[in-house]
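Peer 1: please find the sequence and the predicted model below.
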Amino acid sequence: MELLRLGTTKEVPPGEMNQFEIKGKELLVVNLDNQFYCLNARCTHAGAPLVEGTLDGDILTCPWHRSRFRVTDGSVVNGPAQKSLGIYKMVVKDDQLFIDAGAM
């Protein structure tokens with residue numbers, strides 16, 4: 001498995017999120033109690049930048065039309081979005097954040 005480095009754990013403090021770009025793809029990393037999740041960074045409804053949204057527990061709310069997604073699996077909690085967010089398996093090594101290159 002080839003790992004691609006996104007950034008460091010310090011760039012995503014607990015309860016917060018940060019956007020990264022790798023291989024031309026925008027990815028959103030969310031830290032829930034030091035468990036890291038990586039999702040597509042754009043809303044599946046209208047392409048809003050989810051990093052500008054709000055995080056309440058494991059629910060991410062889109063800043064434009066208020067679609068709500070579960071961070072842990074990318075599923076839609078409330079529309080108007082109907083399609084789940086793509087998710088990527090995170091690997092944390094020595095405070096560095098990685099994803100599997102094969103998933104890109």
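Peer 2: Yep, that arrived.
Peer 1: what helices or strands is the lengthiest strand in the chain leaning on?
Peer 2: When the chain is parsed with DSSP state E, its longest strand is strand 25-32. Judged by 3 or more CB pairs under 8 Å, 6 or more residues apart in numbering; DSSP states H and E, strand 25-32 is in contact with strand 3-8, strand 17-22, strand 35-40. Backbone N, C-alpha and C define where each C-beta goes, glycine included.
Peer 1: apply 10 Å and report the result again.
Peer 2: strand 3-8, strand 17-22, strand 35-40, strand 54-56, strand 87-88, strand 90-93, strand 96-100 (3 or more CB pairs under 10 Å, 6 or more residues apart in numbering; DSSP states H and E).
Peer 1: was I right to think Gln96 contacts Thr9?
Peer 2: Yes: assessed by CB atoms under 10 Å, Gln96 is found in contact with Thr9 at 7.5 Å.
Peer 1: which one's more surrounded, the two?
Peer 2: Thr9 (16 against 13; other CB atoms under 10 Å).
Peer 1: residue contacts, that one?
Peer 2: 29, 31, 34, 36, 92, 94-97 (CB atoms under 10 Å, 6 or more residues apart in numbering).
Peer 1: at 7 Å what do you get?
Peer 2: Listed by CB atoms under 7 Å, 6 or more residues apart in numbering, the contact set of Thr9 reads 92, 95, 97.
Peer 1: kindly indicate which of the residues you listed lies nearest Gln19.
Peer 2: Leu97 (12.4 Å; CB to CB).
Peer 1: report pLDDT for the closest one.
Peer 2: Looking at Leu97, its pLDDT is 97.
Peer 1: quickly list what it is bridged to.
Peer 2: Beta-bridge partners of Leu97, counted by DSSP bridges, are Gly7, Val92.
Peer 1: circling back: then the longest strand of the chain to CSV, C-alphas only?
Peer 2: Extracted in CSV, the C-alpha atoms of strand 25-32 (Å, rounded to 0.1, in the frame of the first residue of the first chain):
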residue,chain,number,x,y,z
LYS,A,25,-8.5,16.4,-5.3
GLU,A,26,-9.9,18.5,-2.4
LEU,A,27,-10.1,16.4,0.8
LEU,A,28,-11.6,17.3,4.1
VAL,A,29,-10.0,15.9,7.3
VAL,A,30,-12.1,15.9,10.5
ASN,A,31,-10.8,15.1,14.0
LEU,A,32,-13.4,13.6,16.3
